[in-house]
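**Student:** 3D model of this:
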Amino acid sequence: MKTLSNNQLTIQVSPHGAELSSIVNNATGKEYLWQADPAYWKRHSPVLFPIVGSLWNNEYHHKGTAYQLSQHGFARDKEFELIKESDTELRFRLHESEDTLKLYPFPFNLEIGYRLAGNQIEVIWFVENTGKEELHFQIGAHPAFYYPYYNEESQQRGFFSFDRQEGLTYKLIQEKGCIGDQEYPLILNAEGLLSLDTHTFDKDALVLENSQIKRVDLLDHDGSSYLTVYFTAPVVGLWSPPAKNAPFVCIEPWYGRCDRVNYTGEYKDKDWMQHLQPGEVFNASYFIEIHK
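**Tutor:** Below is the predicted model of the structure:
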């Protein structure tokens, strides 16, 4: 485990999956990141690569060949190499191997970085096409945050606030972990907030597409901001395990998304697929900001 600390926050990152594993407020000792109790969910903040979500029947097709990939891809279960360590930044690297090429026939260089500044953590994604053909991929985040107010006996969990309040829509995961086409209106309360309770995620994740929002605030039960996630990703998933009364909620920026129900087309033509020509690179970041 690697550690970064300043006068406000201390974070820990595991080389296994290059996964952010802890965010602690130094003044209070409070932990913000879910601590992976398998009774609810065994991860903290996995990196999703080279797919986000599930494939239809766990299978995709590329140039006439069928490949198998389980939900969210393989990066979260691989050992990354530490390539940079300073007082403010950690950076990890994974590249293709004999094992990954059996699942995903593309050479690649994937780097995951964490930069700490004040009360903010920048999570950095870098993907490079090191092969001789076009590279197709998706990448996403899955950070899980403790609810600011959790009482097992109460249904109320707090609120989400967004940088947009009008006309928000979402889609739902339906069959075999894949998404339906129907869009539903996201119903906010009179203050423009999404109330979070034990039934908010009864139908699984809420998936907002087409860059509808770029900021999600997790608010305490009194409406004050607890933490914020900022991003430029075109898709974001909001999730807590259905029917488990879990103590956490996930805010997930994605450059990608699970298959549509019954999708059997080419891998390169999946919704929200990213593409790199040989030698090209993809750079993106998202930010976690701790408020109290």
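
**Student:** how about stretch 210-223 as CSV, C-alpha atoms only?
**Tutor:** Provided in CSV are the C-alpha atoms of stretch 210-223 (Å, rounded to 0.1, in the frame of the first residue of the first chain):
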residue,chain,number,x,y,z
ASN,A,210,-24.8,12.5,-23.0
SER,A,211,-22.8,14.7,-20.6
GLN,A,212,-26.0,15.8,-18.8
ILE,A,213,-24.0,16.5,-15.6
LYS,A,214,-20.4,17.3,-14.7
ARG,A,215,-20.6,17.5,-10.9
VAL,A,216,-22.3,15.4,-8.2
ASP,A,217,-22.4,16.6,-4.6
LEU,A,218,-23.1,14.1,-1.8
LEU,A,219,-25.0,16.1,0.8
ASP,A,220,-25.6,15.4,4.5
HIS,A,221,-29.2,14.9,5.8
ASP,A,222,-29.3,18.6,6.6
GLY,A,223,-28.4,19.6,3.0
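
**Student:** could you pull up the mean pLDDT of that stretch?
**Tutor:** Across stretch 210-223, pLDDT averages out at 95.

**Student:** what comes up buried for that stretch?
**Tutor:** By neighbour count, and taking 16 or more other CB atoms under 10 Å as the criterion, the buried residues in stretch 210-223 are 212, 213, 214, 215, 216, 217, 218, 219, 221. All C-beta spots, glycine's among them, are computed from the backbone N, C-alpha and C.

**Student:** show me what contacts residue 141?
**Tutor:** 45, 47, 48, 123, 231, 252, 253, 254, 286 (CB atoms under 8 Å, 6 or more residues apart in numbering).

**Student:** for residue 268, what are its contacts?
**Tutor:** When contacts are counted by CB under 8 Å, 6+ apart, residue 268 touches 62, 134, 136, 275.

**Student:** could you check the pLDDT of the residue lying closest to residue 201 once chain neighbours are set aside?
**Tutor:** The spatial neighbour of residue 201 that comes closest, neighbours along the chain excluded (CB to CB, 6 or more residues apart in numbering), is residue 240 at 4.7 Å. Reported pLDDT at residue 240 in the predicted model: 96.

**Student:** surely residue 240 is in contact with residue 251?
**Tutor:** No: Residue 240 sits out of contact with residue 251 when judged by CB atoms under 8 Å, with a separation of 10.5 Å.

**Student:** contacts only, for the residue nearest to residue 201.
**Tutor:** Counted by CB under 8 Å, 6+ apart, residue 240 has contacts 200, 201, 246, 248, 249, 250.

**Student:** tell me the pLDDT at the first one?
**Tutor:** According to the prediction, residue 200 has pLDDT 94.

**Student:** what is the burial count for residue 224?
**Tutor:** When neighbours are defined as other CB atoms under 10 Å, residue 224 has 13 of them.
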